[in-house]
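# Pasting the sequence and the predicted coordinates here, then a few questions.
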Amino acid sequence: MNWLENLRRSFLDWNAMVEVLPTMVTVGLKNTLILAASSTVLGIAVGMALAIMGISRSAWLRIPARVYTDIFRGLPAIVTILLIGQGFARIGRELFGPSPYPLGILALSLIAGAYIGEIFRSGIQSVDRGQMEACRALSMSYGQGMRLIVVPQGVRRVLPALVNQFIGNVKDSSLVYFLGLLASEREIFRVGQDQAVITGNLSPLLLAGIFYLVVTVPLTHVVNAIDNRLRLGKQRPAIITSGLEEVSELDGIGRPPRPAFKGGSLDVRQLGMAYGELDVLKGVDLAVKAGTVTCIIGPSGSGKSTLLRCLNRLVEPKSGDVLLDGESILAMKPERLRRRVGMVFQHFNLFPDHTAIENVMLSLTKIKGLPKAEAERIAKARLSDVGLASRQHHRPGGLSGGQQQRVAIARALAMEPEVILFDEVTSALDPELVKGVLDLMAELAKQGMTMVVVTHEMGFARRAADQVIFMDEGRVVEAGAPEAIFDNPKSPRLQRFLAEVL
Ligand SMILES: Nc1ncnc2c1ncn2[C@@H]1O[C@H](COP(=O)(O)OP(=O)(O)OP(=O)(O)O)[C@@H](O)[C@H]1O
């Protein structure tokens with residue numbers, strides 16, 4: 001049992017631990033936390049700059065960010081700390097005085113910045129592309145979309161990874177002692193090690209190890225709890241409704257007298273659009289009268305979505321023009337155009353961190369600059385129009401697909417557009433939820449909204465459209481009233497298409 005006694009004396013010398021405990025707390029723990037916290041905060045600033053540079057379209061920003069990251073992530077931390085702490089010692093002395101402590105923080109920050117930059121970049125890039133499309137369709141600029149939606153969403157996703165980085169900094173702070181810190185600047189490891197030399201056993205170092213665990217382990221658990229809270233939002237009591245019941249959410253809504261909207265007209269002239277070499281629209285002509293519904297049908301890849309996206313310039317046409325109430329949309333600022341031409345997407349593209357009412361309010365306050373109370377009043381009214389007044393505080397994750405799509409319609413309506421573009425808005429819905437959304441669209445049509453609808457719902461096109469456009473291979477092949485298109489198709493391609501889908 002001699003070896004057991006040896007082990008106890010090496011690691012569990014209580015007297016040695018008790019003796020070093022006060023210094024461990026007042027000097028070691030304090031300095032470790034200062035070093036780790038300050039280098040994480042500075043690292044976040046460096047990392048955010050690197051992430052924004054890293055996703056920039058300009059190579060002049062991307063390449064320096066890449067080089068920086070490769071260097072500071074590739075070098076062992078101790079090499080960076082020694083190179084900066086000793087290499088810049090003279091400048092450091094002039095700036096900060098004799099202590100190498102600030103240079104130690106700087107070195108840790110530069111290392112952390114490289115990792116945090118990558119964390120932010122991957123977080124931001126993992127945000128669904130549809131989020132930025134929704135921002136732009138709501139007439140936000142690229143910068144506003146990034147600042148208000150994409151970056152916060154990306155950062156929230158990487159919160160656990162950021163805490164890991166802080167834990168990394170807690171541990172890396174033990175390397176700063178290589179720079180020769182003053183006694184009062186020692187961190188946990190150095191305090192433990194100094195005392196271990198005095199006592200001749202490892203107990204003070206074991207205590208240092210315990211201190212590291214006391215800092216890092218609870219942190220991981222706290223951040224997981226915070227992450228869950230942020231992801232799910234404040235839990236609302238779930239109201240379970242069957243999809244079959246959803247349609248009735250639209251019943252009994254006080255309808256405004258018709259027409260409620262001042263729809264605009266569109267005149268599409270010889271519109272051309274290409275993705276690189278691929279010509280997708282080849283001279284499309286189309287007239288949409290104010291307050292009417294135009295349904296665009298056609299096989300997959302025929303250019304329907306692209307045509308729609310040209311109408312609010314989510315993609316830029318290559319040739320031709322589009323007149324909105326006689327005014328060329330190409331001469332307008334895209335953000336101004338998108339206030340007048342709203343859009344609803346196949347995958348809703350609601351902002352998941354925002355409740356239904358916040359989704360509707362965001363553009364009203366941030367883009368239109370309305371006071372919060374006014375924006376809230378409008379948002380409530382629009383949610384009530386789509387039968388969702390009782391769900392206004394639910395996040396998208398707590399709503400069915402059909403309800404989410406109706407929130408998206410309310411969000412587009414709140415901006416008071418003259419035209420709304422619908423891009424296969426029922427394609428991602430369960431069959432029993434489709435009717436609620438289509439009924440709502442039919443209702444909007446009756447109220448005088450100009451609507452351009454890309455759809456596979458032939459029943460809706462027949463019932464609600466004023467004109468139906470059949471597209472194939474980037475061209476309008478046939479256009480006319482629903483009866484003419486569905487009951488008396490002239491072109492063989494339309495006949496074949498209808499034979500396939502009906
Ligand atoms: N971002 C893009 N980059 C390159 N090519 C694209 C892009 N978006 C679409 N395309 C191509 O452009 C063509 C037309 O696509 P578009 O989405 O407009 O067709 P669609 O008629 O709406 O089809 P679907 O009904 O399948 O959505 C297709 O060949 C498609 O592969």
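Received the coordinates, thanks.
# Buried residues of stretch 439-456, list them for me.
Using 16 or more other Cβ atoms under 10 Å as the test for burial, stretch 439-456 gives 439-441, 443-445, 447, 449-455. (C-beta placed from N, C-alpha, C; glycine too.)
# In helices, which of the residues you listed appear?
Using DSSP state H, the subset of the buried residues of stretch 439-456 located in helices is Asp439, Leu440, Met441, Glu443, Leu444, Ala445.
# Dump these into JSON lines; add pLDDT as well.
Output for these, formatted as JSON lines (pLDDT from 0 to 100):
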{"residue": "Asp439", "pLDDT": "91"}
{"residue": "Leu440", "pLDDT": "92"}
{"residue": "Met441", "pLDDT": "94"}
{"residue": "Glu443", "pLDDT": "91"}
{"residue": "Leu444", "pLDDT": "92"}
{"residue": "Ala445", "pLDDT": "92"}
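# what about Glu94, how many neighbours?
9 (other Cβ atoms under 10 Å).
# Backbone dihedrals for the residue in the stretch 51-200 of the chain that the ligand sits nearest to, please?
Among all residues of the stretch 51-200 of the chain, Arg129 sits closest to the ligand, at 9.6 Å; criterion: Cβ to the nearest ligand atom. Main-chain torsions, Arg129, degrees, to the nearest 10: phi -60, psi -30.
# just checking, Val477 is part of a helix?
No: Val477 is assigned strand when assessed by DSSP: H, G, I helix; E, B strand; the rest coil, not a helix.
# what sits against it?
Residues in contact with Val477, defined by Cβ atoms under 8 Å, 6 or more residues apart in numbering, are Gly298, Phe470, Met471, Ser491, Arg493, Leu494.
# hmm, 7 Å instead?
Phe470, Met471, Ser491, Arg493, Leu494 (Cβ atoms under 7 Å, 6 or more residues apart in numbering).
# Please name every helix or strand in contact with the strand or helix carrying the first one.
Taking DSSP states H and E as the definition, one finds Phe470 inside strand 467-472. Contact here means 3 or more Cβ pairs under 7 Å, 6 or more residues apart in numbering; DSSP states H and E; on that basis strand 467-472 packs against strand 293-297, strand 475-480, helix 482-487, helix 492-501.
# Please identify which of those is closest to the ligand.
strand 293-297 (8.3 Å).
# Pull out the buried residues from the next helix or strand after that closest one.
Using DSSP H and E, the next helix or strand after strand 293-297 towards the C-terminus is helix 304-311. Neighbour counts over helix 304-311 (16+ other Cβ under 10 Å) mark Lys304, Ser305, Thr306, Leu307, Leu308, Arg309, Cys310, Leu311 as buried.
# Could you list which of these also contact the ligand?
Restricting these to those near the ligand by Cβ under 6 Å from any ligand atom leaves Lys304, Ser305, Thr306.
# Up against the ligand, what does the protein have?
Tyr275, Leu278, Val280, Gly298, Ser300, Gly301, Ser302, Gly303, Lys304, Ser305, Thr306.
# Who does the first one form a beta bridge with?
Okay, so that is Tyr275. Beta-bridge partners recorded for Tyr275 (DSSP bridges): Leu278.
# how near is it to Gly85?
Look at Tyr275 and Gly85: by Cβ to Cβ, to the nearest Å, they are 52 Å apart.
# Looking at these two, which one has more neighbours?
Between Tyr275 and Gly85, counting by other Cβ under 10 Å, Gly85 is the more crowded of the two (23 against 10).
# Excluding residues flanking it in the chain, which one is nearest the more buried one?
Leu179 (3.9 Å; Cβ to Cβ, 6 or more residues apart in numbering).
# Next, name the residue at the spatial heart of this structure.
Val150 (3.4 Å; Cα atoms, centre = their mean).
# what sits against that one?
Per Cβ under 7 Å, 6+ apart, neighbours of Val150: Ile124, Val127, Gln131, Met132.
# Count the residues that sit near the second one.
Val127 is flanked by 20 other residues according to other Cβ under 10 Å.
# Could you list the low-pLDDT ranges of this structure?
For the chain, the stretches flagged by pLDDT under 70 are 1, 232-259.
# By residue count, which helix of it is the longest?
Per DSSP H, the chain has its longest helix at helix 203-232.
# That helix packs against which elements?
Using 3+ Cβ pairs under 7 Å, 6+ apart, helix 203-232 is in contact with helix 14-23, helix 159-172, helix 188-199.
# Would you mind measuring from Pro79 to Ser56?
Pro isn't right for residue 79; it's Val. 29 Å.
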